[in-house]
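>>> here is my input; please provide its structure:
(2 chains)
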Amino acid sequence: MTLRIPRRGMAQVLALIIILMIDRLVSPQFFNLHLQDGRLFGSVIDVLNRGTPVALLSLGMVLVIATGGIDLSVGAVMAIAGATAASLADTHSLPVVIASALAVGLACGLWNGILVAVLRIQPIVATLILMVAGRGIAQLITEGRIVTFTSPDLVWMGNGAVLGLPTPVVIALGMLLLTAAVVRGTALGLLIEATGGNARASELSGVGTRAMILSVYIWCGLCASLAGVIAAADIMGADANNAGLWLELDAILAVVIGGTSLFGGRFSLVLAVAGALIIQAMNTGILLSGYPPELNLLVKAVVVLAVLLAQSPRLGDLSRFTARWRRTKP
Amino acid sequence: MSDPSAPPAARPALLDIRGLSKSFGTLKALDGVDFTLGEGEIHALLGENGAGKSTLIKVVTGVFARDAGTVRLAGREIAPRSAKDAVDAGIATVYQEVNLLPNLSVAQNLYLGRQPTRFGVVREGEMKRRARALLLDYGLDIDVGAPLSSYSVAVQHITAIARAVDLSARVLILDEPTASLDRHEVEILFSVMRKLADRGIGIVFVSHFLDQVYEICDRVTVLRNGRLIGSRDIADLPRLDLIRMMLGRELAETTHERAASQPDTAREVCVSFKGFGKQGYVAPFDLELRRGEVVGLAGLLGSGRTETARLVFGAERADSGEATIDGKAIKLNSPRDGAGLGFGYCPEERKTEGIVADLTVRENIVLALQARRGLHRPLSRREQDEIAMRYIRMLDIRPPDPERPIGLLSGGNQQKALLARWLATSPKLLVLDEPTRGIDVGAHAEIIRLVRELCDQGLALLVISSELDEIVTYSNRVVVLRDREHVEELKGEAIEVSSILAAIAADSAPAHEAAS
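Next comes the predicted model:
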């Protein structure tokens, strides 16, 4: 029928552009790119590269949040997957290493999913269990040490390049396309949105809501383990204490900035990733500007507040009210 | 002070409500309702779901603002703007779900916010002593220091009542207080109610247990569709007349044009249930649903109508009997099973169990079909648009915009979209629970016409309605329920509002006879 300009998403794209412009102001070379050893370098590439873990997390998180749930354990799952990959890296081939790490992520996701979908534990509590226990598990795997490795294959996952782009960025892009294909290419997207919008009504319409919820937690675990492998590959080691620490909060933030309501329902994969990039663009900008990194947290808080205010229904009422007021005035 | 048209109350009017109106959007929830409560009177407020009982209570207790009308308490006009205003004025309400703090002690609950203190310190002993004395007055001799949650629901109710009355209440509103009580606990509650009435407190008793109404109440007021049907002394009101007030319209106008002319046993059986039931939910029943036939389910609120519908669709799992199609037993343990068999179910609670408010009309319409096709066979956007537009046109859903979030549509149009959701799956059986509730008059007639049309197209339909005229208009058979039991099945010429009323009102003696 008629072509519609998507209203959703304009705010996020605009925010990203504004933040990149500000970055350009504080660092004139921000958009400069140069090729070195077959890999592009520059601040923009940095934003993409550094933003990869949170972007990957947000791909899983956005689906979980769309069902009305939340997954606090993704940071811990990153640590477990990273520890798994690092301890296998020098003795096994890359496919085995990655498969093992992903299998661990899948198991974590399954655990969360069973707690939430089958045992009906509140998501925030259910995933809190693995958030706490996960770091312990990761430490058991690394035996309390920081496990380092030298396997060039795994190092390539974090520091290599494909067609000039850093490998992590290519992987994240691939995951975005894969997730989009799985979610929008099948009926999964609609059924997830229906489940999150009204689980009772969806169930009475014959939707297998339990399977929906189970599958999003599994996907979230998979995405988190991939992020964990990349984070480990990046530093050529697994730090069970610090890998992915607090990143679950950034992932939730990215999803919220991407316009998905914590009550569930409508979601957008692309905007969640845009949210992750917005966060990273702020981080990078503050680092480049030379301001103390502590400021980062404050700026983040202000951005969250702005986004939440923009989404607040009360504020919406207010703007509608002022619009009407303006209309009645000649 | 008292209105000349008011019924001659023997006692002076304590609460006097005149011409009370309240609308939500286009829906009139209360339309010029009068209500008079005398001192020391126990007055039942009756009506089906959506009749306006809770709206009336909420307006009187200041939860909703009224659109028109007056409320007088002991001759003085009041206009409470919050629940606290109402309590200060002397009107206290105890809801079915007790609004107290279960983790605090009984005494603390009784005196919360007004504990006896000395130099700013709560005097626990004094509080307990007073609480004990207060409850002894109600015939309760319990340890008031124990947490409220350690006592039965009845004790919790009486605690709530004691607190409310102690806050100088003159009018006490009890909203379905007996729903979760057993017989013995009901007795205790009733003796408390009688004591309070003797002290001159007026009690409004909302319940759907008619036996209890006849046992405890002096007068009864019946509402239907937001209008006052009448107020009567319970002593001169036969049970049949009371049920007629609640369910029927004027009997004169029951000229059902399209009554069940052909009680057609030759029709193909779609699904049959034998001894199907669930303990404590609805008693085992036999039921045959045939293609091209509407079966109406009639009964009072709480009689097991909705429960029957949910069992038939699979929304609730039966624990006895079996369901068969062509003699073969079928699995019916979940809504998914029901939908997979080609059943559809439009629940009564449209907002909480029907629509997915944030999704568009299109997405809501294709939801059941997509769920049945499974993940791997998605409907393309073009197919979705086609399906949505077909049903929007066929059912005249307005506005005819498939991309509008369904939550923004009126109740009638939401109901049509929910019908479309199931019609899109080409169902064999449709179960409709109160399809015309909360819908304006125009859409009401359309839905009734649709039910008939679907039936003519060969669907089997099971329809619940508390509007008996409606049931008479479209049903080929009517199953009457009472106290969670199927008590009678009416066919053909026997389907009359009066015969349904008689079956609902009949004493439980001649039950189980016509379940052929």
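>>> what sits closest to residue A:124 if chain neighbours are left out?
If you skip the residues right next to it in sequence, residue A:124 has residue A:70 as its closest partner in space, 5.5 Å away by Cβ to Cβ, 6 or more residues apart in numbering or on different chains. All C-beta atoms are positioned from the backbone trio N, CA, C, and that covers glycine.
>>> am I right that the one you found is in contact with residue A:252?
Yes. Here residue A:70 reaches residue A:252: they are 6.8 Å apart, a contact under Cβ atoms under 8 Å.
>>> what touches both of those two?
Among the neighbours of residue A:70, those also in contact with residue A:252 (Cβ atoms under 8 Å, 6 or more residues apart in numbering or on different chains) are residue A:61.
>>> residues in contact with residue B:413?
Contact criterion Cβ under 8 Å, 6+ apart gives B:397-398, B:443 as the residues in contact with residue B:413.
>>> out of these, which are buried?
Buried residues within those, defined by neighbour count using 16 or more other Cβ atoms under 10 Å in any protein chain shown: B:397, B:443.
>>> in CSV: the contacts of residue B:413, plus distance to chain A.
Below are those laid out as CSV (distance: Cβ to the nearest Cβ, whole Å):
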residue, distance to chain A
B:397, 17
B:398, 18
B:443, 20
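>>> can you redo the contacts of residue B:413 as TSV with secondary structure?
Below are those laid out as TSV (DSSP: H, G, I helix; E, B strand; the rest coil):
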residue	secondary structure
B:397	coil
B:398	coil
B:443	helix
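>>> ok, now which ones touch the closest residue to chain A within the stretch 51-200 of chain B?
Per Cβ to the nearest Cβ, residue B:65 is where the stretch 51-200 of chain B lies closest to chain A, at 18.6 Å. By Cβ under 8 Å, 6+ apart, the contact set of residue B:65 is B:59, B:81.
>>> hang on, the earlier thing: can you count the residues close to the residue nearest to residue A:124?
Residues within reach of residue A:70, counting by other Cβ atoms under 10 Å in any protein chain shown, total 23.
>>> and if you look at residue B:133?
Taking other Cβ under 10 Å as the criterion, the count of residues near residue B:133 is 10.
>>> so where's the chain uncertain?
Chain wasn't specified; assuming chain A. Across chain A, the ranges flagged by pLDDT under 70 are A:1-8, A:308, A:311-330.
>>> the intended chain is chain B.
Residues of chain B that meet the criterion pLDDT under 70 lie in B:1-12, B:248-266, B:440-442, B:507-516.
>>> which parts of it sit against chain A?
Counting by Cβ under 8 Å from any Cβ of the partner chain, the residues of chain B close to chain A are B:313, B:315, B:335-336, B:338-340, B:345, B:347, B:352-359, B:363, B:366-368, B:370-379, B:385, B:421.
>>> how does it look with 6 Å?
Proximity of chain B to chain A (Cβ under 6 Å from any Cβ of the partner chain) is limited to residues B:315, B:335-336, B:339, B:353-354, B:356, B:358-359, B:367-368, B:370-372, B:375-376, B:378.
>>> show me which of the residues you listed are buried.
With neighbours counted using 16+ other Cβ under 10 Å, the residues of chain B next to chain A contain these buried positions: B:315, B:335-336, B:339, B:353-354, B:356, B:358-359, B:367-368, B:370-372, B:375, B:378.
>>> out of the residues you listed, list just those in helices.
Among those, the ones falling in helices (DSSP state H) are B:335-336, B:339, B:367-368, B:370-372.
>>> farthest-separated two in the residues you listed?
Of all pairs drawn from these, the one with the longest distance (Cβ to Cβ) is B:335 and B:370, at 14.5 Å.
>>> follow-up on the earlier one: element containing the residue nearest to residue A:124, please.
Using DSSP states H and E, no element contains residue A:70; it sits outside every helix and strand.
>>> and the helix or strand that residue B:297 is a member of, C-alpha only, in CSV?
Secondary structure assignment for residue B:297, by DSSP H and E: strand B:293-298. Coordinates of each C-alpha in strand B:293-298 appear next as CSV, following Å, rounded to 0.1, in the frame of the first residue of the first chain:
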residue,chain,number,x,y,z
GLU,B,293,-26.0,-25.6,15.6
VAL,B,294,-25.7,-23.0,18.4
VAL,B,295,-25.8,-24.3,21.9
GLY,B,296,-26.5,-21.6,24.5
LEU,B,297,-25.1,-21.8,28.0
ALA,B,298,-27.4,-20.1,30.5
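>>> quick one: list the elements packing against it.
Taking 3 or more Cβ pairs under 6 Å, 6 or more residues apart in numbering or on different chains; DSSP states H and E as the contact definition, the neighbouring helices and strands of strand B:293-298 are strand B:460-464, helix B:468-474, strand B:477-482.
>>> contact partners of the host helix or strand of residue B:452?
Assigning secondary structure by DSSP H and E places residue B:452 in helix B:441-456. For helix B:441-456, contacts defined as Cβ atoms under 6 Å, 6 or more residues apart in numbering or on different chains pick out B:292, B:294, B:412, B:435-436, B:461, B:474.
>>> in the stretch 201-330 of chain A, which residue sits nearest chain B?
Nearest to chain B, among the residues of the stretch 201-330 of chain A, is residue A:206, at 3.0 Å (Cβ to the nearest Cβ).
>>> now do the contacts for the nearest residue to residue A:148 once chain neighbours are set aside.
Counting by Cβ to Cβ, 6+ apart, residue A:148 lies nearest to residue A:237, which is 3.9 Å off, once chain neighbours are set aside. Neighbouring residues of residue A:237 by Cβ under 6 Å, 6+ apart: A:86, A:146, A:148.
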